[in-house]
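S.K.: Model the structure of this input:
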Amino acid sequence: MKYKLTFNLLPGEVWYGANINDGYKLPITEMSKTKTDTRYISSYNQASTLWLSSKGRYIWSDSGYLVKWNHSKVICTSKKSEIKLYTGYNNLRDAYLAASKAHFPFDGRLPNKMMFRTPQYCTWIHLATNQNDDDIIDFAKGILDAGMTAGELIIDDGWQTDFGEWEFHPDKFKDPKAMIDKLHKMGFKVILWICPFVAPTVKDYSFMIKNQMLVRNRFGKIACRTWWNGKHPLLDLSNPKSVEWFKATADRLMNDYGVDGFKQDAGDAYFYKDTDRTFRNSVDANEQSYLWAETAREYEFNELRACFKGGGWGVTQRLADKTHSWDKNGLNTLIPNALLQGLCGYPYSCPDMIGGGEISSFKHKNADTFSIDKDETEFDIELLIRWCQCSALMPMMQYSFAIWKMKNSTARNACISCAEIHKKYSDIIISLAENAAKTGEPIIRSLDYQYPNQGYEKVNDMFMLGENILVAPVLKKGNRHKTLRLPNGKWRCVHNETDYIGGQIITVDAPLDVLPIFEKNTN
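M.R.: Residues are numbered from 1 along each chain as shown. Predicted coordinates:
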């Protein structure tokens, strides 16, 4: 059966939704001629079947669908489930809250508050796959020696003996429990990178084959899928035994070593196929991604990068790895993509690693190892600083490249000061996170969401933290000022202590050590 929905855009109407990694391309307008496809999620981040309108309408389907945007005409088609247009709401905010309540009500849970209160630290850019106990302890000591606060510490890919053999590699870790105990005494919580791929050489492989725990291709053979670490089989999460095995593995790591949670990577829908043979019939690629992400709900320290229709869950959703750049693959995607996360029901946003999480940006092109072999002078110091500032008042901020250890004092001081800004506002961020768990309201919001009908539909270079804090980072290289139009009301610029009346365009100085923040006078 084929399902179809056709309608026309209203005058001045714009739309947001679907693939988080494409947030910077939005909104869809009357001028757009493009298509979006969630039938098979091929993007490198979260996704949803929700589309929201600035005029108080929304589209929803229980399965993915194709949307053709042809100027004012919209055509949605699917072979999986009905697609509906819901109307009658006042604005973007009302449409989102109605959609959230109807289709992905929030579960009342949120990640551990430490993840919001203090910066997170990931070993990926610093160590790549060369994870080992000595360097991890040194990494943690460097954080504290710089005067920064201990937080969640993520031990990334390379700690394990193999994929699916989730044991600390004995050549890299002399005593992993002692290492984790030491990190705990230093004030850190420890989470481990993990994925759904399984190497055929691991000890449980025969058990998995016998119990139909691995995805099979359309011919009934074990499916080996190419990913960034080679080519491997992967868990079939439609089989309860696979879920039990994963949970038992996670529990063992927590009980035996004191691990606090997991960074659950991969799980992208594009590693599966709709034609795969699965333990439970009619489980498509999108649902396999959903099932992998769902296991993260077990842990209060959690992180996902890929997710399909997981709106309303108390799970951290990180933006996809960014390049060390100002362009559409780097800094300038953070705000629009993070705002779209909130509009798709993923408010607990982590805006990727500061400076970029794409490790190729930190290597020379001819490097033959995964070590960070660029000298610090080869990095864009201004970009690092503006990235710190852009992340400072997002729900979470995550460091990986050790800016706090750089010889460049300007970069080092900016890194530390932005962490302090985040801590200063952390009570507000946590309060907004607690509210999100109850109401679904995003933590950071677009100006059109918070101030509808004031002409902010296409503004994506600043954001609201809750209702009364406007954050306006500098996102263009060389700029030492920020020009913006304040929403209606009375506002105070935090750094220059100047009062402004909203509704007008202003320009404020924003030297390299300044993040423009405006607080609304609610009296």
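S.K.: make it CA atoms for all contacts and neighbour counts henceforth
M.R.: OK.
S.K.: hey, where'd the helices end up in the stretch 101-250 of the chain?
M.R.: 114-117, 124-127, 133-145, 176-185, 205-210, 240-257 (DSSP state H, counting those that start in this stretch).
S.K.: Tell me which of those sits nearest to Thr226.
M.R.: With Cα to Cα, the closest approach to Thr226 among these belongs to helix 205-210: 18.3 Å.
S.K.: how much distance is there from the closest one to the middle of the chain?
M.R.: Averaging C-alpha positions (Cα atoms, centre = their mean, to the nearest Å) puts helix 205-210 33 Å from its chain's average.
S.K.: can you check stretch 2-19 too?
M.R.: Centroid displacement of stretch 2-19 relative to its chain, using Cα atoms, centre = their mean, is 25 Å.
S.K.: now do the same end-to-end measure for it.
M.R.: Criterion Cα to Cα, to the nearest Å; first-to-last residue distance in stretch 2-19 is 23 Å.
S.K.: got it, and stretch 124-143?
M.R.: With Cα to Cα as the measure, the ends of stretch 124-143 fall 15 Å from one another.
S.K.: centre of the chain versus it, how much separation?
M.R.: Relative to its parent chain, stretch 124-143 has a centroid offset of 22 Å by Cα atoms, centre = their mean.
S.K.: which other helices and strands contact the strand or helix carrying Ser417?
M.R.: Using DSSP states H and E, Ser417 sits in helix 409-424. If you count contacts as 3 or more Cα pairs under 8 Å, 6 or more residues apart in numbering; DSSP states H and E, helix 409-424 packs onto helix 381-392.
S.K.: make it 10 Å
M.R.: Helix 409-424 is packed against helix 114-117, helix 381-392, strand 398-399, helix 426-439, with contacts defined by 3 or more Cα pairs under 10 Å, 6 or more residues apart in numbering; DSSP states H and E.
S.K.: Give me the angle between it and helix 381-392.
M.R.: Using axes from the mean of the first three to the mean of the last three Cα atoms, to 10 degrees, the direction of helix 409-424 lies 0 degrees away from that of helix 381-392.
S.K.: how about the CA coordinates for helix 409-424, as CSV?
M.R.: Extracted as CSV, the C-alpha positions of helix 409-424 are listed here (Å, rounded to 0.1, in the frame of the first residue of the first chain):
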residue,chain,number,x,y,z
SER,A,409,48.0,31.5,26.5
THR,A,410,45.1,33.1,24.6
ALA,A,411,43.7,29.8,23.6
ARG,A,412,44.4,28.2,27.0
ASN,A,413,42.7,31.1,28.9
ALA,A,414,39.7,31.0,26.6
CYS,A,415,39.3,27.3,27.1
ILE,A,416,39.3,27.7,30.9
SER,A,417,37.1,30.9,30.9
CYS,A,418,34.4,29.2,28.7
ALA,A,419,34.3,26.3,31.1
GLU,A,420,33.7,28.8,33.9
ILE,A,421,30.9,30.4,32.0
HIS,A,422,29.2,27.0,31.6
LYS,A,423,29.6,26.4,35.4
LYS,A,424,28.2,29.8,36.2
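S.K.: Check the offset of that helix from the chain's centre.
M.R.: 22 Å.
S.K.: avg pLDDT for that helix?
M.R.: Helix 409-424 shows a mean pLDDT of 96 in the predicted model.
S.K.: show me the contacts for Lys25.
M.R.: By Cα atoms under 10 Å, 6 or more residues apart in numbering, Lys25 lies in contact with Tyr16, Lys328, Thr333, Pro336, Asn337.
S.K.: can you rerun that using 8 Å?
M.R.: Shown in contact with Lys25 (Cα atoms under 8 Å, 6 or more residues apart in numbering): no residues.
S.K.: swap in Phe116?
M.R.: Phe116 neighbours (Cα under 8 Å, 6+ apart): Pro395, Met396, Met397, Ser426, Ile429, Ile430.
S.K.: Make sure Ser361 is indeed in a strand.
M.R.: No: counting by DSSP: H, G, I helix; E, B strand; the rest coil, Ser361 is not found in a strand; it is helix.
S.K.: who touches it in this structure?
M.R.: Ser361 makes contact with Thr323, His324, according to Cα under 8 Å, 6+ apart.
S.K.: how near is it to Met353?
M.R.: Distance, Ser361 to Met353, by Cα to Cα: 12 Å.
S.K.: what's the answer for Ile421, then?
M.R.: Per Cα to Cα, Ile421 is found 17 Å from Met353.
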